[in-house]
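Fold the following.
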Amino acid sequence: MRNAIAQAVRAAGQIILNAHNIESAVSAKEGNGNFVTTYDVKVQQFLQKRLLDLLPTAHFVGEEEETHDDALHGLAYIVDPIDCTANFIRDMKHSAISVALAKDGELILSVVYNPYRDELFSAEKGKGAFLNSRPIHVSDRPLEAGVFCFGTSPYELSLRKRTFTIAARLMDRMQDLRRFGSAALDLADIACGRVELGFECILQPWDYAGGALLITEAGGRISQLDGSPITLDRPCSILSGNALAHEAFLAQQLGK
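Numbering: from 1, shown residues only. Predicted structure coming up:
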């Protein structure tokens, strides 16, 4: 099943790579600087057909649906067709397709694909995490020797002050920061040891579901900023990292 989903996601990646005149295909959604393109919709429609052909009885929770299906009961796909549409519109070549499969609210399989770099991350519950079929693992660097990435929750202006307060606290304790724009790829970078810690004050389930399983199967930790479990049926905050960095963040109460 993982291979079949990966093949579908790779094929969908060609829609992104072949996109043209992107700025003429943009429309606004609710929220500050929140956009959708016709390519987001094309990728989602393509994946919806391909993925439901594999599991016809599964629910389909896609970002670009007007109403969202049940992610907590039975089998459910949780899909972000183009994670970081803002990067896509600007041709920054740092966006991803994210697909997760959950069973009764538990993540069991995921694929995150950056078509620009042809990097396909995948994970299966209890079977590990992989980058282009090569096993990956989080780093073993402690918080003080690490780099963190973060998202700014741009659609929620009320969270801006809290976001940068946490980032400033981390800058006092860590080596440096990165801000790339794609939550799915941030989680993938943590899973393969490129980054030690990541956070965002609020994200939608399709932003993090695919990356969440990568993290845990690569030996890392993911939770909300207060240490509580993440949710698949509603937005929540995200704290992810290797075990050392994640534990240090919570122990030092850096998210308060």
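
right, and Gly28 touches Thr85 too?
Not Gly; residue 28 is Ala. No - using C-beta atoms under 8 Å, Ala28 is not in contact with Thr85, being 10.9 Å away. The way it works is simple: take the backbone N, C-alpha and C, and place the C-beta from them, glycine included.

okay, and the common contacts of the two?
Phe35, Val36 (C-beta atoms under 8 Å, 6 or more residues apart in numbering).

What residues of stretch 39-57 count as buried?
For stretch 39-57, the neighbour count (16 or more other C-beta atoms under 10 Å) marks Tyr39, Asp40, Val41, Lys42, Val43, Gln44, Phe46, Leu47, Gln48, Arg50, Leu51, Leu55 as buried.

what helix or strand does the fifth one sit in?
With elements taken from DSSP states H and E, the one containing Val43 is helix 38-54.

Mind listing residues that contact that helix?
Helix 38-54 has contacts (C-beta under 8 Å, 6+ apart) with 1, 4-5, 8-9, 11-12, 15-16, 19, 22, 25, 58, 60, 62-65, 77, 79, 81-82, 85, 88, 97, 99.

Now, of these, which are buried?
Among the contacts of helix 38-54, those scoring as buried are 5, 8-9, 12, 15-16, 19, 22, 25, 58, 60, 62-64, 77, 79, 81-82, 85, 88, 97, 99 (criterion: 16+ other C-beta under 10 Å).

partners of the helix or strand of the chain with the lowest mean pLDDT, with directions?
Here the helix or strand of the chain ranked lowest by mean pLDDT, DSSP states H and E is strand 26-28, holding a mean of 77. When pairing is defined by DSSP bridges, strand 26-28 lines up against strand 35-37 (antiparallel).

Show the residue spans covered by the strands in the stretch 101-250 of the chain.
For the stretch 101-250 of the chain, the strands defined by DSSP state E, counting those that start in this stretch occupy 106-114, 119-124, 128-131, 134-135, 147-150, 176-178, 197-203, 221-223, 236-241.

Those: which one's closest to Phe35?
Set against Phe35 and scored by C-beta to C-beta, these come closest in strand 197-203, at 16.7 Å.

Strand partners (parallel or antiparallel) of that closest one?
When pairing is defined by DSSP bridges, strand 197-203 lines up against strand 147-150 (parallel), strand 236-241 (antiparallel).

Determine which stretch of the ones you listed is the most buried.
Scoring the strands paired with strand 197-203 by mean neighbour count under mean count of other C-beta atoms under 10 Å gives strand 236-241 as the most buried, with a mean of 25.

surely Ala243 meets Ile222?
No - assessed by C-beta under 8 Å, Ala243 is found out of contact with Ile222, at 11.0 Å.

And the two? Which one has more around it.
Ile222 (23 against 12; other C-beta atoms under 10 Å).

beta partners of that one?
Beta-bridge partners recorded for Ile222 (DSSP bridges): Ser240.

residues contacting it?
Residues near Ile222 by C-beta under 8 Å, 6+ apart: Leu187, Tyr208, Ala212, Ile215, Thr216, Ile230, Ile238, Leu239, Ser240, His246.

need the contact list for the second one.
The one in question is Tyr208. By C-beta under 8 Å, 6+ apart, the contact set of Tyr208 is Ala183, Ala184, Leu187, Ile222, Ile230, Ile238.

please redo it, this time with the cut-off set to 7 Å
When contacts are counted by C-beta atoms under 7 Å, 6 or more residues apart in numbering, Tyr208 touches Ala183, Leu187, Ile230, Ile238.

one step back: can you redo the strands paired with strand 197-203 as JSON lines with mean pLDDT and distance to Ile202?
Converted to JSON lines, the strands paired with strand 197-203 look like this (pLDDT from 0 to 100; distance: least, C-beta to C-beta, whole Å):
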{"stretch": "strand 147-150", "mean pLDDT": "98", "distance to Ile202": "12"}
{"stretch": "strand 236-241", "mean pLDDT": "98", "distance to Ile202": "6"}
